[in-house]
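A.B. asks: Fold the stuff below for me.
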Amino acid sequence: MVTVDEAGGAVVKKWLPRLVVAALLVILIVQFVQEEPKKAPAQEPRTMQATDFTLPTVDGELSLHDQRGKVVILNFWASWCIPCQTEMPHFQKFYDAHQDDVEIVAVNYTKKDDRDEAVQFARDHNLTFPILFDETGEVSEMYGAFTIPTTYILNRDGDIVHQFAGPLDVEMLREYVGILF
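C.D. replies: Down below sits the predicted model:
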């Protein structure tokens, strides 16, 4: 027969609940580590149909809807925007390599830019993709392009599959657009 004096009983009463809690934590941790993570079912990426618009270009006008069937890079920019100036040569290089499958629609935020300066910028950088002029700012605002550059990538059905605020380069375009070919 084992007897415990009052002092020993107090120690057991003090430490026993702590030992039980510690043991339960160890059991839970071991179980958690041993369980294989359950994979979430694969889901289609969420997309949203791009809103159609028609804007003037240097030579006429262009509607976004007319670009269906191609992957579209919809870019909002201004000639005075330093990050826009940095990304435009990348857009042209990408366009030169993929213009059979990709259309770049560069919407100049003309409400806060000068149309003549935008045209000169396009000439200086030998931009051959369409430059559109958003003179009222309506389209830029409709797309939430409050930060420029802002770029949307649309699949062949006209769904927005990616959105970026800030400049893109050729590698980023290959990564995000290349998967849609």
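A.B. asks: Report pLDDT for Leu173.
C.D. replies: On the pLDDT scale, Leu173 is placed at 92.
A.B. asks: Sorry, slip of the keys, the one I care about is Tyr95.
C.D. replies: 95.
A.B. asks: Next up, the contacts around it.
C.D. replies: Val102, Ile104, Thr128, Phe129 (CB atoms under 8 Å, 6 or more residues apart in numbering). Any C-beta I mention is one placed from the backbone N, CA and C, and that applies to glycine too.
A.B. asks: ditto for Gln92
C.D. replies: So Gln92 contacts His125, Asn126, Leu127, Thr128, Phe129 (CB under 8 Å, 6+ apart).
A.B. asks: From the residues you listed, list just the buried residues.
C.D. replies: Leu127, Phe129 (16 or more other CB atoms under 10 Å).
A.B. asks: Nearest residue to the most centrally placed residue in the chain in space, please, no chain neighbours.
C.D. replies: Centroid check for the chain by CA atoms, centre = their mean gives Gln163 as the closest residue, at 3.7 Å. Nearest in space to Gln163, with sequence neighbours left out and distances taken as CB to CB, 6 or more residues apart in numbering, is Tyr152 at 5.3 Å.
A.B. asks: could the contacts of Gln92 go into a markdown table alongside distance to Thr136?
C.D. replies: Formatted as a markdown table, those follow (distance: CB to CB, whole Å):
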| residue | distance to Thr136 |
| --- | --- |
| His125 | 25 |
| Asn126 | 28 |
| Leu127 | 23 |
| Thr128 | 26 |
| Phe129 | 22 |
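A.B. asks: coming back round to it: ok so the residue nearest to Gln163 is a helix residue?
C.D. replies: No. Assessed with DSSP: H, G, I helix; E, B strand; the rest coil, Tyr152 is strand; it does not lie in a helix.
A.B. asks: Was I right to think Lys111 contacts Glu135?
C.D. replies: Yes. Counting by CB atoms under 8 Å, Lys111 touches Glu135, with 6.2 Å between them.
A.B. asks: Now do the strands in this structure.
C.D. replies: 48-49, 54-56, 61-63, 71-77, 102-108, 131-133, 150-154, 159-165 (DSSP state E).
A.B. asks: and these as a markdown table, adding distance to Thr86?
C.D. replies: Shown next, in a markdown table, are the strands of the chain (distance: least, CB to CB, whole Å):
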| stretch | distance to Thr86 |
| --- | --- |
| strand 48-49 | 28 |
| strand 54-56 | 24 |
| strand 61-63 | 25 |
| strand 71-77 | 11 |
| strand 102-108 | 14 |
| strand 131-133 | 17 |
| strand 150-154 | 13 |
| strand 159-165 | 14 |
